[in-house]
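Chemist: Task: produce atomic coordinates for the following.
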Amino acid sequence: MTQSPNLLRFALAADAVASGATGLLMLAGAGLLAPLLHVPAGHLMMAGVLLVPFVAFVAYTATRAVISRAAAHTIVELNVAWTIASFVLLFSGWIAPNALGIAFIAGQALAVLALGGLQYYALRQSALRTA
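Modeler: Okay, the predicted model is just below:
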């Protein structure tokens, strides 16, 4: 466990908000987004469903008085996995998104990677302060 530094708490809270908004958009707006992005609505809905427990876990972790280092590391790892999976989806040929769909998938993947990087940096900084 680590005393919850402000940067880590901020990065986790930002992740929960951004992931929650993206998940809600994909769940509630799958029918509207699918034809715009040329991404199957089922894929969008499944991604939104996958984000629900992730958002709950990140929000829970961010709101603890003491942030668990193991939980924060798990969140970083999940963000990296999501980013990799997003690019695998783009390059696999499983779907054929249009330019807007590619931008949407790549954009959210890069945002997730940036949040994971910020969380990792905050974890490293807190480890240096306690060492």
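Chemist: Quick check: buried residues in the helix or strand containing residue 35?
Modeler: Per DSSP states H and E, residue 35 falls inside helix 6-37. Under the neighbour-count criterion of 16 or more other Cβ atoms under 10 Å, helix 6-37 has 8-9, 11-12, 14-16, 18-20, 22-23, 25-27, 30, 33-34, 37 buried. Backbone N, C-alpha and C define where each C-beta goes, glycine included.
Chemist: I'd like the next helix or strand past it.
Modeler: Downstream of helix 6-37, the first helix or strand assigned by DSSP H and E is helix 41-62.
Chemist: Identify the residues contacting that following helix?
Modeler: Outside helix 41-62, the residues that touch it by Cβ atoms under 8 Å, 6 or more residues apart in numbering are 9, 12-13, 15-16, 19-20, 22-31, 33-34, 37, 67-68, 71-72, 75, 78, 89, 95.
Chemist: buried ones in it?
Modeler: By neighbour count with 16+ other Cβ under 10 Å, helix 41-62 contains the buried residues 41, 43-45, 47-48, 51, 54-55, 57-59, 61-62.
Chemist: Tell me the one among the residues you listed nearest to residue 103.
Modeler: Of all the buried residues of helix 41-62, residue 103 sits closest to residue 44, with 14.7 Å by Cβ to Cβ.
Chemist: Residue 10 versus that closest one, what's the distance?
Modeler: As judged by Cβ to Cβ, to the nearest Å, residue 44 and residue 10 stand 28 Å apart.
Chemist: How many neighbouring residues does residue 72 have?
Modeler: Neighbourhood size, residue 72 [other Cβ atoms under 10 Å]: 25.
Chemist: Can you tell me how far it is from residue 8?
Modeler: Taking Cβ to Cβ, one finds residue 72 at 6 Å from residue 8.
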